[in-house]
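**Student:** this one's structure only:
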């Protein structure tokens, strides 16, 4: 009985999390509100779980698996980094707007723990379906926003091309979300058994894809491509029964991209070409012309060496980076790379543990996919593809409050499946 209650409580939160906004007081209406919702949910959930464990009304092997031990070690090291931070208060709560402090990492880890223990394997597909359905109004609003249909707030943007951010503070954040929702949609689409449902998921996929294109988030596009390649290379070529429907999906998305590119003055092509231009500037090292991200990474790695053991503290990139280059009041608040960010702010030991955590889950997920068959194997591979997609995306960004909980939900699902695979 407890399992069903906890499962639905967690599922309801994840489903409604994207639309938890109060958009009437400021343009930055997403991250802070979602941060508050997330902290309150995690606190209440932990209290209920611990109380019921104390009174022995539930029995679960909480914090006893290897992945949980590794994550606890990561949180310990992150806590040490917070204690020795250059700005402990900011490191605890997080810098304004992104709020990627220690409490955010605790919340992300909690979503992994909760998902692993309280979303049974048989309920995972239903949870993913509900998450995808909840992304429809988010994607539609992102599309409306591109055409200046500001239904909730008069966003103060004066551009010829509007980068949509929907219910998020930033188009890159929305791009990460839309990319991950498309990866989830691939799951429910490929696992559908009836034509009417496949058609419905196909139409929803096109809507989310249009929203993703309008974010102009190149890293999201690249992450989606990486995930699609994993699905094609590791599942479609083995499951020829999926080839037709997968071809239909990819064709629909490609045609949509061509139409959007044509109607928007070839901005998609321009963005892809800019990736090559950025790479050329890095290789040729033209003075002053290297992309900002490259400069963030190079200087951050140098600072990482100076703060090897405990880092500079969570959410302190803005302070230490601009101090290092002699600039006051810089506007960038992260290094635009998940692993560089963790290494700089939490320390290299914490970075190594974080990589071990991700590698352990991924490897166990791969192992589980090898000993299962049919839809069980398919779902595991598709979840792994979602992880690949996300990790490619955060090579150019960082985990953020409105999106990271979904990633840690995926990790929890994979670890659950790996733990139960025979």
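**Tutor:** The structure has been received and is ready for your questions. Quantities reported herein were computed from a predicted structural model and do not represent experimental measurements. Numbering: from 1, shown residues only.

**Student:** tell me how far the ends of stretch 255-274 are from each other?
**Tutor:** Terminal residues of stretch 255-274 lie 22 Å apart, using CA to CA, to the nearest Å.

**Student:** list the buried residues of it.
**Tutor:** Using 16 or more other CB atoms under 10 Å as the test for burial, stretch 255-274 gives 256, 257, 260, 261, 267, 268. From N, CA and C alone the C-beta is placed, and that goes for glycine too.

**Student:** state the mean pLDDT of it.
**Tutor:** The average pLDDT within stretch 255-274 is 90.

**Student:** who touches it?
**Tutor:** Residues outside stretch 255-274 that contact it (CB atoms under 8 Å, 6 or more residues apart in numbering): 161, 206, 209, 210, 213, 214, 216, 218, 221.

**Student:** same question, stretch 352-370
**Tutor:** Residues from elsewhere that reach stretch 352-370 (CB under 8 Å, 6+ apart): 66-67, 70-71, 73-74, 77, 339, 342, 346, 377, 380-381, 383-384, 387, 391, 411, 414-415, 417-419, 421.

**Student:** centre of the chain to it, how far?
**Tutor:** 17 Å (CA atoms, centre = their mean, to the nearest Å).

**Student:** buried residues in that stretch, which are they?
**Tutor:** Across stretch 352-370, burial judged by 16+ other CB under 10 Å covers 353, 354, 357, 358, 360, 361, 362, 364, 365, 368, 369.

**Student:** want to try JSON lines for those residues, with distance to residue 313, secondary structure and pLDDT as columns?
**Tutor:** Below are those laid out as JSON lines (distance: CB to CB, whole Å; DSSP: H, G, I helix; E, B strand; the rest coil; pLDDT from 0 to 100):
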{"residue": "353", "distance to residue 313": "17", "secondary structure": "helix", "pLDDT": "98"}
{"residue": "354", "distance to residue 313": "16", "secondary structure": "helix", "pLDDT": "98"}
{"residue": "357", "distance to residue 313": "20", "secondary structure": "helix", "pLDDT": "98"}
{"residue": "358", "distance to residue 313": "22", "secondary structure": "helix", "pLDDT": "98"}
{"residue": "360", "distance to residue 313": "26", "secondary structure": "helix", "pLDDT": "98"}
{"residue": "361", "distance to residue 313": "26", "secondary structure": "helix", "pLDDT": "98"}
{"residue": "362", "distance to residue 313": "28", "secondary structure": "helix", "pLDDT": "98"}
{"residue": "364", "distance to residue 313": "32", "secondary structure": "helix", "pLDDT": "97"}
{"residue": "365", "distance to residue 313": "32", "secondary structure": "helix", "pLDDT": "97"}
{"residue": "368", "distance to residue 313": "37", "secondary structure": "helix", "pLDDT": "96"}
{"residue": "369", "distance to residue 313": "38", "secondary structure": "helix", "pLDDT": "95"}
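
**Student:** using JSON lines, lay out those residues together with distance to residue 178.
**Tutor:** Listed next are these as JSON lines, based on distance: CB to CB, whole Å:
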{"residue": "353", "distance to residue 178": "30"}
{"residue": "354", "distance to residue 178": "25"}
{"residue": "357", "distance to residue 178": "26"}
{"residue": "358", "distance to residue 178": "22"}
{"residue": "360", "distance to residue 178": "28"}
{"residue": "361", "distance to residue 178": "24"}
{"residue": "362", "distance to residue 178": "23"}
{"residue": "364", "distance to residue 178": "28"}
{"residue": "365", "distance to residue 178": "23"}
{"residue": "368", "distance to residue 178": "28"}
{"residue": "369", "distance to residue 178": "26"}
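
**Student:** closest one of the residues you listed to residue 104?
**Tutor:** Comparing these against residue 104 with CB to CB places residue 354 closest, at 13.9 Å.
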